[in-house]
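Engineer: need a 3D model of the sequence below.
(chains A and B)
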Amino acid sequence: MWWAQLLNTISGFLGGLTPIVGDYESIATGVVGSGGAPSVTFNTIPSTYKHLQIRGIARAASGGVNAIAIRLNGDTGANYAWHLLYGTGSGSAQSAATPSTATALMSYQANPTNDGTGVFGASITDILDYANTNKNTTVRNLSGRDGNGTGEIGLWSALWNNTAAVNTVALISSGANFAQGTTFALYGIKG
Amino acid sequence: MTVTYEAIESKTLVSTATDITFTNIFGTYTDLVLISDILMSGAQANCFVQVGNGTIDTGSNYSYTILSGNGSTASSDRGSNDTRGIFFTNNSYPQTTTRNLTIMSFQNYSNTTTNKTILFRSNNAALGTDAIVGLWRSTSAINRIKVYPTNNSFAIGSTFSLYGIKAE
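Structural biologist: This is a model prediction of the structure:
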């Protein structure tokens, strides 16, 4: 009924929502250009926020590479661990984990082997309490790719076993370059 | 100061509704986030999402991969060449007295060189939880979003809030 729809919409506008001004801020955006790139890195991240969020779309430039790794503050040591709960579209959900590794996998991406042209995976990554020097850093991620007949959806968590404040975040395509158009946007959340 | 995370439109139902549609969505943001809090007026129902540019796409251009749990079983499923996307399964659908809460993220929704990938996190505290990735096979910018149940109606008090996130 048209009048019901009108009433519902008016109710919404009058109810109103307050824009979040200044508490959720865009810090930087990385976009992979032609030729691809092995990683996207955010440097000199200010410590003035409470949490960081990275939102993005990603695709490997070649092959069936489906994962993205994270590296914090340039640390290449075996100081990471990660866990994953995931589904591939049939049967039971599955899990995976790797302790004490130099490569912390933490997100899915699309790839040419499994996903059609123009298909990118999507991800939302939270780095919680990133500037707190009393805590090791926890990263969590919701990400997935769907190629219309193939796909993966996952809930990831990763640990950086270091209490230093995070000031650099590198997102690394695990096995092949990121394709052109891969985009990651870094946001800071105040608290 | 530039507003990064901005409320676009909110709908709180004052009467039951068989569908909710957001139209004329500007392409000036980077991502869209739709947060829904749903009760049903009748029996529980699955709910679907369709998107479009100018008109809602009802073609077989949707697909999805599901991760779902109900407290005793964790499972995965998929749909292909569907005329609609889903944002929860019967492990988290809304009922008349238990709510479904869903966050939908439409990443790079206005990018005209990529197909559109959408992430869903959906929960009903009495039933279970779902994580879903959906694909709309179109490079058109999304400027309208429709959500609707398979049967019955969204109940009075259900809310649907659309936000835009702008990357610098």
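
Engineer: ok, A:N141 - contacts?
Structural biologist: Contacts for A:N141 (Cβ atoms under 8 Å, 6 or more residues apart in numbering or on different chains) come out as A:106-107, A:123-126, A:154-158. C-beta: built from backbone N, CA, C; applies to glycine.

Engineer: pretty sure A:L85 sits against B:S76.
Structural biologist: No: if you go by Cβ atoms under 8 Å, A:L85 and B:S76 don't touch, sitting 10.2 Å apart.

Engineer: quick check: neighbours shared by these two?
Structural biologist: With Cβ under 8 Å, 6+ apart as the test, A:L85 and B:S76 both reach A:93-94, B:67.

Engineer: now the buried members of those residues.
Structural biologist: A:93, B:67 (16 or more other Cβ atoms under 10 Å in any protein chain shown).

Engineer: packing partners of the worst-scoring helix or strand of chain B on mean pLDDT?
Structural biologist: One helix or strand of chain B scores below all others by mean pLDDT, DSSP states H and E: strand B:85-86, with a mean of 93. On a contact count with 3 or more Cβ pairs under 8 Å, 6 or more residues apart in numbering or on different chains; DSSP states H and E, strand B:85-86 meets strand B:47-53, strand B:62-69, strand B:128-136.

Engineer: nearest to A:A37, out of these?
Structural biologist: strand B:128-136 (23.7 Å; Cβ to Cβ).

Engineer: the closest one vs strand B:47-53, what angle?
Structural biologist: 20 degrees (axes from the mean of the first three to the mean of the last three Cα atoms, to 10 degrees).

Engineer: sheet partners, orientation included, of strand B:128-136?
Structural biologist: Using DSSP bridges, strand B:128-136 pairs in its sheet with strand B:62-69 (antiparallel), strand B:116-124 (antiparallel).

Engineer: mean pLDDT and distance to B:S105 added to these, as JSON lines?
Structural biologist: Below are these laid out as JSON lines (pLDDT from 0 to 100; distance: least, Cβ to Cβ, whole Å):
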{"stretch": "strand B:62-69", "mean pLDDT": "97", "distance to B:S105": "14"}
{"stretch": "strand B:116-124", "mean pLDDT": "97", "distance to B:S105": "5"}
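
Engineer: the ones you listed: which one's closest to B:I156?
Structural biologist: It's strand B:116-124; of the strands paired with strand B:128-136, that one is closest to B:I156 (Cβ to Cβ) at 18.5 Å.

Engineer: ok so, going back, any idea which of the contacts of A:N141 is closest to A:D23?
Structural biologist: A:D126 (15.1 Å).

Engineer: could you look up the SS state of that closest one?
Structural biologist: Following DSSP: H, G, I helix; E, B strand; the rest coil, we place A:D126 in the strand state.

Engineer: okay, and the beta partners of it?
Structural biologist: Under DSSP bridges, the beta-bridge partners of A:D126 are A:Q53, A:R140.

Engineer: how close does it get to A:W160?
Structural biologist: Look at A:D126 and A:W160: by Cβ to Cβ, to the nearest Å, they are 13 Å apart.

Engineer: go on, A:L186?
Structural biologist: 17 Å.

Engineer: what sits against the residue positioned nearest the centre of chain A?
Structural biologist: Among the residues of chain A, A:T125 comes closest to the average C-alpha position under Cα atoms, centre = their mean, at 3.5 Å. If you count contacts by Cβ under 8 Å, 6+ apart, A:T125 has them with A:53-56, A:70, A:106-107, A:139-141, A:143.
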